[in-house]
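> Just to be clear, the model below is a prediction. Sequence and coordinates:
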Amino acid sequence: MSADVAERVFAPDIRERLAHSVELAPALLAGPLTGADARAVLADAEILITGWNCPPVTADVLAYAPRLRALVHAAGSVKPVVTDALWDRGVVVSSAADANAGPVVAFALAAITFAAKGALSTAARYSEGWPPFTERTGADARTIGVIGASRIGRGVIAALRASDAGWRVLLTDPYVTGEEAAGLGVELVPLPELCRRSTVVSIHAPQLPETQGMVSEVMLKLIPDGGTVINTARGSLIDTEALARECGTGRLDAFLDVTSPEPLPQGHPLLMLPNVLVTPHIAGAQGSEVRRLGEHAVGEVERFVRGEPLRGRLRREDLPRLA
């Protein structure tokens, strides 16, 4: 990982705790993993802790790391890092995705709450004068549609169900059974029905070939007037230009932490609309929150050294369905 990331994720006390379990390499690997400096470190490495911007651990990299037994990813998605060569070698892989999920759940819940209050449209009219109470009561956002029962999607569902706001939650996910949905306290419905019945649609599905553009122009038009689209998953899941058109008419609002492309080009309509809030992929751990990534990674290293099961362990077959 880069030096600035390492400094934030692994504060001095966390690094000190890590050093009690393992012998730390003398230098951080912040560049290519095939350079001379990296090769010297990898030659003796048994555990590799990775983070944002880590290059893929390819067969070429593994050729310089004959003793590597575990890769612990101190970030969310491990997809940019792992390769088939890593699985073929039998290296144990763990991710801090669970530690990163909490902030995303909180972000999505905040966006749902803002949507229910009609915050974007009300704020846009603030300069025209203090609105009467009847215009400050927000949308009738009693039905929330959740796309994807991922770890974040399930966290959002749990938070909604725990709330006393009386929200009704719909879910669409091809891997969830009716029995599982009942256990989650949600109604399992097809995507078109979810869009048609939901005032707020929150997206938490992984980026897969079959999810590309799943929230299409057709799906967007099914969302009732005054509805809100929230995306903290991946920008490619939404038809960006169709969303811009729907929001441009004022029919829909949107909270977008991810976009396609990312970042959006300057002057893009979604960046100019008062009823759209676009943030630069900040829903995951930020600021002081990144500390939890380092703590999770160190905990995984400690468990690996003690021969205990890893809490964030991934397997090859898990990867296709993960974000």
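Cool, the structure landed. What you see is a predicted model; the values in this text were computed from it and never measured. Numbers count the residues shown, from 1 in each chain.
> Any stretches of this protein with poor pLDDT?
134-141, 323 (pLDDT under 70).
> Please enumerate the strands of the stretch 101-250 of the chain.
143-147, 168-172, 187-188, 200-203, 228-231 (DSSP state E, counting those that start in this stretch).
> Point to the residue nearest the middle of the protein.
Centroid check for the chain by C-alpha atoms, centre = their mean gives residue 233 as the closest residue, at 5.2 Å.
> Surely it and residue 208 touch.
No: counting by C-beta atoms under 8 Å, residue 233 stays clear of residue 208, with 10.9 Å between them. C-beta: built from backbone N, CA, C; applies to glycine.
> Tell me the buried residues in stretch 116-125?
With burial defined by 16 or more other C-beta atoms under 10 Å, the residues of stretch 116-125 counted as buried are 116, 118-121.
> I misspoke; the intended subject was stretch 308-320.
Burial within stretch 308-320, assessed by neighbour count using 16+ other C-beta under 10 Å, is assigned to 310, 312-314.
> cool, and stretch 153-167?
Per 16+ other C-beta under 10 Å, stretch 153-167 contains these buried residues: 153-157, 160, 167.
> biggest helix in this protein by residues?
Secondary structure of the chain per DSSP state H: the longest helix is helix 97-116.
> helices or strands up against that helix?
Under the contact definition 3 or more C-beta pairs under 8 Å, 6 or more residues apart in numbering; DSSP states H and E, helix 97-116 sits against helix 151-162, strand 200-203, strand 228-231, strand 253-256, helix 291-306.
> Let me know which of these is the nearest to residue 100.
The closest of the helices and strands packed on helix 97-116 to residue 100 is helix 291-306. By C-beta to C-beta, the value is 6.4 Å.
> Distance from that closest one to the middle of the chain?
20 Å (C-alpha atoms, centre = their mean, to the nearest Å).
> Give me the buried positions along it.
Going by 16+ other C-beta under 10 Å, helix 291-306 has these buried residues: 291-301, 303-304.
> same thing with stretch 66-76?
68, 70-76.
> Run the chain-centre distance for it.
With C-alpha atoms, centre = their mean, you get 20 Å for stretch 66-76.
> Which strand residues bridge residue 143?
Per DSSP bridges, the residues bridged to residue 143 are residue 168.
> Test my guess that it contacts residue 171.
No: applying C-beta under 8 Å as the test, residue 143 and residue 171 come out as separate, 11.6 Å apart.
> which one of the two has more residues nearby?
Neighbour count, other C-beta atoms under 10 Å: between residue 143 and residue 171, residue 171 has more, with 24 against 18.
> Okay, residue 321 and residue 211: tell me how far apart.
Distance of residue 321 to residue 211, given as C-beta to C-beta, to the nearest Å: 10 Å.
> which of the two has more neighbours?
Legend: neighbour count by other C-beta under 10 Å for residue 321 and residue 211, higher for residue 211 (18 against 12).
> Give me the spatial nearest neighbour of the more buried one, chain neighbours excluded.
Take residue 211 and drop its neighbours on the chain: the residue closest to it by C-beta to C-beta, 6 or more residues apart in numbering is residue 205, 5.0 Å away.
> ok, how many other residues are close to the one you found?
Residue 205, neighbours per other C-beta under 10 Å, totals 26.
> try residue 286
Neighbours of residue 286 under the rule other C-beta under 10 Å: 12.
> quick one: it and residue 102 touch, right?
No: judged on C-beta under 8 Å, residue 286 makes no contact with residue 102 at a distance of 11.9 Å.
> can you count the residues close to residue 53?
So residue 53, with other C-beta under 10 Å, has 14 neighbours.
> mind listing what it touches?
Neighbouring residues of residue 53 by C-beta atoms under 8 Å, 6 or more residues apart in numbering: 1-2, 5.
> Check residue 193 too.
So residue 193 contacts residue 170 (C-beta under 8 Å, 6+ apart).
> Kindly provide the distance from it to residue 287.
39 Å.
> Turn the buried residues of helix 291-306 into a markdown table, columns for distance to residue 108.
Converted to a markdown table, the buried residues of helix 291-306 look like this (distance: C-beta to C-beta, whole Å):
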| residue | distance to residue 108 |
| --- | --- |
| 291 | 21 |
| 292 | 17 |
| 293 | 19 |
| 294 | 23 |
| 295 | 23 |
| 296 | 20 |
| 297 | 24 |
| 298 | 27 |
| 299 | 25 |
| 300 | 25 |
| 301 | 30 |
| 303 | 29 |
| 304 | 31 |
